[in-house]
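S.K.: Fold the following.
(chains A and B)
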Amino acid sequence: EVQLLDSGGGLVQPGGSLRLSCAASGFTFSSYAMGWVRQAPGKGLEWVSGISGSGDSTYYADSVKGRFTISRDNSKKVVYLQMKGLRVDDTAVYFCSKDLAGYSTGWYGGDSWGQGTLVTVSS
Amino acid sequence: DIQMTQSPSSLSASVGDRVTITCRASLTIASYLNWYQQKPGRAPKLLVFAASTLLNGVPSRFSGSGSGTDFTLTISSLQPEDFATYYCQQSYSTPPTFGQGTKVEIK
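M.R.: Below you'll find the predicted structure:
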């Protein structure tokens, strides 16, 4: 059974940093791209970032480019989202997600999702 | 970026009703279209991928259709557990983008 466990959220001041983690199990982790999708309170879904199975290719939404960094450790089966320069409008629940197709270069849709971790940016 | 527009934004329906949600892409996306269901406080759940393929375990009352720019998600007979918000998402190009959501409420 595929399981994704998101962690690392919390309250941070504007301009601060946070690192999210997503621990995976139940599938061949290195064969699948992974992504992060966020949802601001009461709002819809927004793709944030994606990474290929090997970690060689990374992609970012324009809203986070230059501030967020996605990475993965295939030996530990964990994907990370390093967030710097956080802004109030980054406040959201962040979900990690497994790409539905193996060997894709990026995240194009998720067939499994973590439970989400809440990031609150406020002074 | 490809814009995805869903309609309606919300609807009220009764158990047993047939419900149709539409999704329109700003550019042609062939059949690169996914549908998700999300309940309050929960992660999204993939229902349909490639416009019309049901994920294993998804009830057959759900169906997806369309290609190009216009897509539909149909629930043939609404069940109590189907009251939720539904999102379409294009997987044709980066960035992957979502529709704004359609909330299905109890009449």
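
S.K.: make it CA atoms for all contacts and neighbour counts henceforth
M.R.: Will do.

S.K.: quick one: terminal-to-terminal distance for stretch B:47-60?
M.R.: Taking CA to CA, to the nearest Å, stretch B:47-60 runs 10 Å from one end to the other.

S.K.: so what strands line up beside the strand of greatest length in chain A?
M.R.: Secondary structure of chain A per DSSP state E: the longest strand is strand A:92-102. Applying DSSP bridges, strand A:92-102 is found paired with strand A:32-39 (antiparallel), strand A:110-113 (antiparallel), strand A:117-121 (antiparallel).

S.K.: Looking at strand pairing, list the partners for B:Phe98.
M.R.: Beta-bridge partners, per DSSP bridges, of B:Phe98: B:Gln89.

S.K.: Same check on B:Asn34?
M.R.: Here B:Asn34, judged by DSSP bridges, has bridge partners B:Gln89.

S.K.: dump the residue contacts of A:Asp111.
M.R.: A:97-100, B:45-46 (CA atoms under 8 Å, 6 or more residues apart in numbering or on different chains).

S.K.: can you pick the most crowded of those?
M.R.: A:Ser97 (30 neighbours; other CA atoms under 10 Å in any protein chain shown).

S.K.: which non-adjacent residue is nearest that one?
M.R.: Nearest non-adjacent residue to A:Ser97, counting by CA to CA, 6 or more residues apart in numbering or on different chains: A:Trp113, 4.4 Å away.

S.K.: Quick check, that neighbour in contact with B:Arg42.
M.R.: No. Using CA atoms under 8 Å, A:Trp113 is not in contact with B:Arg42; the gap is 9.7 Å.

S.K.: Spell out which residues of chain A are next to chain B.
M.R.: A:44-47, A:60-61, A:95, A:107-116 (CA under 8 Å from any CA of the partner chain).

S.K.: Out of those, which sit inside helices?
M.R.: Of the residues of chain A next to chain B, none are assigned to helices by DSSP state H.
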